[in-house]
Each structure stands twice: as C-alpha cells, then as structure tokens.
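Peer 1: What follows is a protein structure lacking sequence information:
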Ligand SMILES: Cc1cc2nc3c(=O)[nH]c(=O)nc-3n(C[C@H](O)[C@H](O)[C@H](O)COP(=O)(O)OP(=O)(O)OC[C@H]3O[C@@H](n4cnc5c(N)ncnc54)[C@H](O)[C@@H]3O)c2cc1C
C-alpha cells in the first residue's frame, strides 16, 4: 500500500513547525521517527493533507541535566538511550528498556516523543516514564504548558495533546543513590510489543511506583501493589500471593476485567519487577 498524497514540510524549529501547522489547509500532522506513523500512512489509516517533519529540529534532539531532573528533547531516539549517549536519570532502567524495545532499525529512528504521543499501553516509554513520574512539556499555537505523564495518557492511543501541540521535551526526576528498580517485559519473541510489561521503582523508604502495561487502555499505576511494595523490606517469595491479591484490587478499581491467563501473566511480570527492585 502507498499513502494517500500529502504535502510535506520540514520544520527548522518549533516556531516554524507551529507556523506550518497554523497555515495548513486541511488536516496537518507532525512526524518524528515515522516508525508508527509511516505504517499508518501506508495502510491509509491516517490521511493527513500536510506532514510536518520535526526530525530536523536540533532543540528536540538535546538532553541535559537541569537541577534534580534530566530534560530530554522529544526527538531523542530510542537507540541514543540504549547506547548510553545521554544523561541517564534512571540508574540504568531507561537504557535497559530501550534495548528491549522493537528492533535496532526501529530504535535508530523512533523517538521518545513519538512513542508518548502514540500512547500504546503496551509500549515501553508510556509505562517506564510513568513509573519514573515524568512530566511532558508542550508547545502549541496558544503557548506552552506542562502535564504530568499520568494526566497526559487519557485512553487507548489517546492523549491530552491538542492537534496543533508539539511535545517539546520530557523531564524526568533523577533517581537518588539508594533508589532501586525492576523491569520485566513478557513477549513471544525479542522485538515484539509486550503481552505484559511491569516496572517497579523504589524511590526511597515507603515510596514506590509500580506500573503495569497491556492490561488496560492506559498504563496503570498500581496503587495497592505499590503500597504493598512500600511496606515490605526486602523480597520474600511468599509475597507473591499478596501481590496477586493486590493486583486484582488495582485492576478491579480501574474497572478492568482480564481472563485467568492474562491475570497470571500480569501477576508474574509485576512480581518479577518487584523482586528485582526489592532484592
Ligand atoms: C515492527 C514494530 C515493532 C515495534 N515494537 C515496539 C515495542 O516493542 N515497544 C515500543 O515501545 N514501541 C514499539 N514500536 C513503536 C516504535 O517505538 C515507534 O518508534 C514509536 O512508537 C513512535 O515513535 P516515532 O518517533 O517513530 O513517531 P512517529 O511515527 O513519527 O509519530 C507517531 C505519532 O506521534 C506524533 N508525534 C511524533 N512526535 C511528536 C511530537 N514531538 N509532538 C507531537 N506529536 C508527535 C505523530 O503525529 C504521530 O501521531 C514498534 C514499531 C514497529 C514498526
């Protein structure tokens, strides 16, 4: 399949991208790495009149430390994180997650911002960055604003982003020296999207964020599981039963029903991520 015809414009900077959006006739859409949008165009699931390429905006490729956070330009590519070329606020979690995301060819072009805007609950960054409590910084025709990632992800492939808005950067708190994490992805073969994906970050005593992907329309911050993890010191194998019960509480609170096989898979990834974080 070939895409429907569209007009193409490469933006020099964010102001230029917004101007190109504002002057477009018909539907305009931004493109970054093209690893998700490309196939959607080819399948004609998306038929914009104008594509605005964000890939040549240097400011979107930057990553820098700012106080107790690292700020990533939205155009940072998965492979740059995998290769350790950028500051890492996550004590190794982000490079490990990047290395397990899709295939190297996709990681060479796919971007942090593109992944967050696509908002697939089975994708790495929406889950990992929710566990790390990231904030998304947006620029639009009406100005700039910032949104905690948990408020940005509204539903399946749906975010709080207005059509003209661009994810400019993502800021992530730097984990302290005593922070620990665990991450587990269950998929049939390397390079595939997860069937279940869980990440647990222990920020400090009693402060834990455990996130589960693939179970609902958005990544789920598991409150009961996180509280359980915050209340135990060290890993004990017999805590698996309590994890399974807490997970059912969280899924039920979110109004999510899963079958017994999926429940078992999710309980396993959550327990493995918690074990690595607490061991
Ligand atoms: C075969 C295959 C396997 C994959 N496996 C995985 C996997 O295991 N895990 C995983 O997490 N991902 C996976 N992906 C998705 C991949 O990570 C994509 O790179 C990512 O989802 C989209 O990033 P992109 O930069 O290519 O975005 P694009 O495809 O360019 O854009 C995606 C969407 O985001 C919008 N957009 C992009 N950047 C911005 C911005 N800065 N501001 C506003 N809107 C923006 C676009 O308009 C579009 O709607 C896979 C993809 C493929 C093709």
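Peer 2: Nice, thanks for sending it over. Predicted model only: the values in this text are computed from it and were never measured.
Peer 1: can stretch 199-210 be found next to the ligand?
Peer 2: No. Using CB under 6 Å from any ligand atom, stretch 199-210 never reaches the ligand; the gap is at least 12.5 Å. Every residue, glycine included, has its C-beta placed from N, CA and C.
Peer 1: Going forward, count from 308.
Peer 2: Got it, the first residue is 308 from now on, which makes the last one we talked about stretch 506-517.
Peer 1: Pull out the buried positions in that stretch.
Peer 2: Within stretch 506-517, the residues that qualify as buried are 506-510, 515-517, counting by 16 or more other CB atoms under 10 Å.
Peer 1: Can you tell me which of these end up in strands?
Peer 2: Counting by DSSP state E, the part of the buried residues of stretch 506-517 found in strands is 506-510, 515-517.
Peer 1: Would you map the helices across the stretch 358-507 of the chain?
Peer 2: Taking DSSP state H, counting those that start in this stretch as the test, the helices found in the stretch 358-507 of the chain are 385-389, 400-406, 411-414, 419-425, 431-438, 456-459.
Peer 1: can I get the buried residues of stretch 506-517 in CSV with distance to residue 565 and pLDDT?
Peer 2: As requested, the buried residues of stretch 506-517 are exported to CSV (distance: CB to CB, whole Å; pLDDT from 0 to 100):
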residue, distance to residue 565, pLDDT
506, 18, 98
507, 19, 98
508, 23, 98
509, 26, 97
510, 28, 96
515, 22, 97
516, 21, 98
517, 17, 98
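Peer 1: Quick check: which of the helices of the stretch 358-507 of the chain is buried the most?
Peer 2: Compared across these, helix 431-438 shows the largest average neighbour count, a mean of 27 (mean count of other CB atoms under 10 Å).
Peer 1: Mind checking if it is in reach of the ligand?
Peer 2: Yes. Using CB under 6 Å from any ligand atom as the criterion, contacts between helix 431-438 and the ligand involve residue 431.
Peer 1: Report all helices and strands that that helix contacts.
Peer 2: Where contact means 3 or more CB pairs under 8 Å, 6 or more residues apart in numbering; DSSP states H and E, helix 431-438 is packed against helix 400-406, helix 419-425, helix 456-459, strand 487-493, strand 503-511, strand 514-520.
Peer 1: Can you tell me what sits against it?
Peer 2: Applying CB atoms under 8 Å, 6 or more residues apart in numbering, the contact partners of helix 431-438 are 397, 400-401, 404-405, 407-408, 419, 422-423, 426-428, 456-457, 460, 477, 479, 488, 490, 492, 501, 504-508, 516-520, 525-526, 528.
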